[in-house]
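Visitor: Need a 3D model of the following:
(one chain, ligands or ions: 2)
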Amino acid sequence: MEIIANVHLVPGIRGTNVYLLLGASLALVDSGMPGSEEKILEYVRELGREPADVARIVITHHHLDHVGSVAALQERTGAQVLAHPADLPFISGEQPAPAAQGGLMGLVSRLLAPILPSAKPAAVDTTVEDGDHLDLLGGAIVVHVPGHTPGGIALHFPAERLLICGDVIDHRRERLGPPPAAFTVDMAQAHDSLRRLAGLEFDVLCPGHGAPLVGGAGDQLRALVQSLDGPPGL
Ligand SMILES: [Zn+2]
Ligand SMILES: [Zn+2]
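Guide: Ligands and ions are numbered 1, 2, ... in the order given. Predicted coordinates for the structure are as follows:
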């Protein structure tokens, strides 16, 4: 599904949004739960391209629904995998992913942990840091957005006025919100990341969950940040 020119949401992926960026070569942002590779590559072929055209996979953060099919896609495409160093030990399997925090979701995820599929460890080829430029679309700038995870990143495309944000901005309930508390390691830090993103110029938002927002997304984020910073009770 085309969101704006050369930016597609891969249809039918379980768990999370997977974005495909078109150019001379292709790039994926995130990969879905384990077992999503077939659907992703089918979509690549539907667009008249080949799996080997996928040159890069950018990981927004280490959560299973985002990295689950990275290893399989790496094998099938030979793509280079890019991620922030602070999430690298969880992607490579060097360290187990931290369990969800408290609350009902924390309890549910602790109960389900032994039976949930785990991600096959993936090798990160290139680490990316805040401020790095990537030659994707008209040019992307990496923004480090810690809080949901330590090494979360967003991609800002000034020419397209586009922000791909992973889970640091939630869009599951038809409105923007902070990331879900149970799966967020440091909410105060996540709020700081939201404030930082609110300072960027963009109109189109591609979140990890929920529908992409085309038009007015920057203004909506600024309204969210104002509500976080507003006096209590308003
Ligand atoms: Zn997440
Ligand atoms: Zn997610």
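Visitor: okay, which residue is most central for this structure?
Guide: Note on the chain: the residue nearest the mean C-alpha position is residue 166, at 2.6 Å, using C-alpha atoms, centre = their mean.
Visitor: Do a quick rundown of the helices in this protein.
Guide: With DSSP state H as the criterion, the chain has helices at 37-46, 64-67, 70-77, 88-91, 103-112, 187-198, 217-229.
Visitor: what's the fourth one in contact with?
Guide: Applying C-beta atoms under 8 Å, 6 or more residues apart in numbering, the set of residues contacting helix 88-91 from outside is 59, 62, 67, 70, 83, 94-98, 119, 121-122, 124, 127, 149, 151. For the C-beta atoms, the positions are set from N, CA and C on the backbone; glycine is no exception.
Visitor: try the last one
Guide: By C-beta under 8 Å, 6+ apart, the residues outside helix 217-229 that reach it are 161, 163, 169, 175-178, 191, 194-195, 197-198, 200-205, 213, 234.
Visitor: Next up, the contacts around the nearest residue to residue 37 once chain neighbours are set aside.
Guide: Spatial nearest neighbour of residue 37, excluding adjacent residues (C-beta to C-beta, 6 or more residues apart in numbering): residue 72 at 4.1 Å. Applying C-beta under 8 Å, 6+ apart to residue 72 gives the contacts 34, 35, 37, 120.
Visitor: about what we covered before: quick one, which of the helices of the chain is nearest to residue 52?
Guide: Among these, helix 70-77 comes nearest to residue 52, with 6.2 Å by C-beta to C-beta.
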